[in-house]
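Chemist: Sharing a model prediction with you, sequence too.
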Amino acid sequence: MNRFKNLARQAWFALLCGLVPAAAPLSAQSTPRPLLSAPSTAHTTLLLHEGDRVLFYGDSITAQRLYTRLLEDIIVSRYPTLHVEFFNAGVSGDTVNGGSAGDATLRLRRDVFPYRPTVVTVMLGMNDGHYRTGNEADRTAFHAGYATLLDALHTNLASTSIFPLRPSPYDEIAHTPGISGYNSVLIGFGDDVALLAQQHALHTCDLNGAMQFALQEGVGLEPQFAGTLLPDRIHPSEAGHWILALALAQCFGVDPTVSNVSLDAADVKTLAAYKTAVTDLKKTSRGVEWTQLDAALPLPLELSSPETNFLLKISQLAAWDRQMLQVRRLPAARYDLMIDGEKISTFDSAALEAGVNLALLETPMQKQSRAIDWKTDSRAKISATRFNLLTASPAIQNLSDALSAIDELDRRMLNDERQQAQPKPHHISLMRE
């Protein structure tokens, strides 16, 4: 039984992604879908399980191995004890019927089924419109090909959760359109994806709407940066891929909170501790100190980069990376926040009373998370090498030995990644200046 179908009646997911209403008929004029709203602050249930094997199927946007790597970062940092593997089956130029690496039948048999995935995401459509508008045959062919693809996945992976994605956009907001109206074609394809998903009792995730929202926000705030999200109108930059990864994280039900701590400095007690353990809380001559062991890590953001600063302004990134610290009833003063003996920042007592987000500071936990990203990035490069060997050089001598060696290296690196992800206790203090 498909797990997404089992969860169809859960109200939280209806709010998060929504069972999609019947899409417009093929001949109808497509209209933009509602954009993603801010993530709910309510705790949700993760749609991934221990031992899951997630495979991303798609075209060159998936083959960039960026939103896929970043989603892995999000899952590994937020759920470091959960064992989930991620596989990439993106091919540049691919359509619902396949492309340069083989037709869809070959692609599924070679690039999907051998991995025994328990979750498959499908993002196609950018190339299916052939970069033209007004051709109804393209939409008819996309609908038919996508239906055939879903049927093949259901037939061969009966217990696998299939997650169709509305294709990401062709940028006509931050750039002058090279092909005016092409994103309307992609929106129409997304409507067909939604209709087919509804027929299979699946849910969709609106990557098109998420990116358009970010583009609109970006143009309004800093137009010089907005064009960097989709620099060629099609392929996202790493900042753009963060938008896609966050949209998927929301649809997968990822908890937006790393941890949440509330302390009373006057009574020296813990008022609240979510996804963390606070021990050895005590007053000092200059403030308060304690040991904290969080169950998760912040996201691996390059906090000093202008791109990250821009991304925080135009997206829900900060709302999805909450490592909150509140310290009440400190004497009025300014306090140095120290973690493991290192000064992180300085706050006045009013800011600490309101709560500060440690995830957006250069902390040891942030550095640990970035080390995880370095490993997922290295594994993404290994994955690309393996895929190129398998698809471009099937007749290479000793191919199976080469693939086995790559797989063994990947397993070792995956174990290292999981070890790196395990949270560590940190000594935290607030010391009056």
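Modeler: Sure, I can see it.
Chemist: Helix, strand or coil: sort out the nearest residue to Pro223 once chain neighbours are set aside for me.
Modeler: Of all residues not flanking Pro223 in the chain, Ala174 sits nearest, at 7.1 Å (CB to CB, 6 or more residues apart in numbering). C-beta coordinates here come from the backbone N, C-alpha and C atoms, glycine included. Put simply, Ala174 is coil when judged by DSSP: H, G, I helix; E, B strand; the rest coil.
Chemist: Does Ala174 touch Gly227 like I think?
Modeler: Yes: in this structure, Ala174 is within contact of Gly227 by CB atoms under 8 Å, at 4.4 Å.
Chemist: Settle it for me: which of those two has more neighbours?
Modeler: The residue with more neighbours, out of Ala174 and Gly227, is Ala174; 20 against 17, by other CB atoms under 10 Å.
Chemist: how close does that one get to Asn208?
Modeler: Going from Ala174 to Asn208 by CB to CB, to the nearest Å gives 15 Å.
Chemist: ok, now Val254?
Modeler: 20 Å.
Chemist: Give me the more crowded residue out of these two.
Modeler: Asn208 (26 against 21).
Chemist: for the residue lying closest to Ser378 once chain neighbours are set aside, what are its contacts?
Modeler: Of all residues beyond its chain neighbours, the one nearest Ser378 is Met413 (6.3 Å), with distances taken as CB to CB, 6+ apart. Met413 makes contacts with Lys375, Ser378, Arg379, Ile382, as judged by CB atoms under 8 Å, 6 or more residues apart in numbering.
Chemist: Give me the three-state assignment for Met413.
Modeler: helix.
Chemist: going forward can the numbers begin at 48, since that is how I track them
Modeler: From this message on, residue numbering opens at 48, which makes the last subject Met460.
Chemist: gap between it and Val167?
Modeler: 23 Å.
Chemist: Please work out how many residues are found near Met478.
Modeler: 18.
Chemist: repeat for Pro347
Modeler: Neighbours of Pro347 (other CB under 10 Å): 23.
Chemist: Kindly report the same for the one 5 residues further on.
Modeler: Around Ser352 there are 12 other residues, counting by other CB under 10 Å.
Chemist: how about Gln111, what does it touch?
Modeler: Neighbours of Gln111 in contact, by CB under 8 Å, 6+ apart: Gly137, His282, Pro283, His288.
Chemist: Tell me who's in contact with the third one.
Modeler: Looking back up the chat, that one is Pro283. Contacts of Pro283 by CB under 8 Å, 6+ apart are Ile108, Gln111, Leu113, Tyr114, Ser215, Met258, Leu276, Leu277, Ile290, Leu291.
Chemist: how about CSV for the residues you listed, with pLDDT added?
Modeler: Formatted as CSV, those follow (pLDDT from 0 to 100):
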residue, pLDDT
Ile108, 98
Gln111, 97
Leu113, 97
Tyr114, 98
Ser215, 97
Met258, 97
Leu276, 97
Leu277, 97
Ile290, 97
Leu291, 97
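Chemist: Go through those residues and say which is closest to Ile475.
Modeler: Ile290 (32.0 Å; CB to CB).
Chemist: That closest one should be in a helix, yeah?
Modeler: Yes: counting by three-state DSSP, Ile290 is part of a helix.
Chemist: What about it, how many residues nearby?
Modeler: 30.
Chemist: residues contacting the residue nearest to it when sequence neighbours are not counted?
Modeler: Spatial nearest neighbour of Ile290, chain neighbours left out: Ala261 (4.8 Å); criterion: CB to CB, 6+ apart. Contact analysis of Ala261 by CB under 8 Å, 6+ apart lists Leu276, Gly287, Ile290, Ile361, Ser362.
Chemist: Which of those fall in helices?
Modeler: Gly287, Ile290, Ile361 (DSSP state H).
Chemist: Redo those residues as CSV? Include distance to Gln466.
Modeler: CSV is the format used below for the ones in helices among the contacts of Ala261 (distance: CB to CB, whole Å):
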residue, distance to Gln466
Gly287, 31
Ile290, 30
Ile361, 35
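Chemist: Which of those residues sits closest to Ala468?
Modeler: Using CB to CB, the ones in helices among the contacts of Ala261 come closest to Ala468 at Ile290, 23.5 Å.
Chemist: Leu117 against Gly287, yeah?
Modeler: No: look at Leu117 against Gly287 with CB under 8 Å: they stay out of range, at 10.5 Å.
Chemist: one step back: between the ones in helices among the contacts of Ala261, which sits nearest Ala342?
Modeler: Ile290 (26.4 Å).
Chemist: Quickly note the distance from that closest one to Phe434.
Modeler: Counting by CB to CB - Ile290 and Phe434 are separated by 24 Å.
Chemist: try Thr180
Modeler: For Thr180 relative to Phe434 (CB to CB), the value is 32 Å.
Chemist: Mind checking which of these two has more residues around it?
Modeler: Neighbour count, other CB under 10 Å: between Thr180 and Phe434, Phe434 has more, with 20 against 14.
Chemist: Which of the three states applies to that one?
Modeler: helix.
Chemist: Quick check, it in contact with Phe134.
Modeler: No: using CB under 8 Å, Phe434 is not in contact with Phe134; the gap is 9.5 Å.
Chemist: Give the full set of residues in contact with Ala397.
Modeler: So Ala397 contacts Ala379 (CB under 8 Å, 6+ apart).
Chemist: can we see that at 7 Å?
Modeler: Residues near Ala397 by CB atoms under 7 Å, 6 or more residues apart in numbering: none.
Chemist: Local confidence estimate at it?
Modeler: Ala397 carries a pLDDT value of 98.
Chemist: Are we agreed that it is in a strand?
Modeler: No: counting by three-state DSSP, Ala397 is located in no strand; its state is helix.
Chemist: how close does it sit to Gly265?
Modeler: Where Gly265 is concerned, Ala397 sits at a distance of 32 Å (CB to CB).
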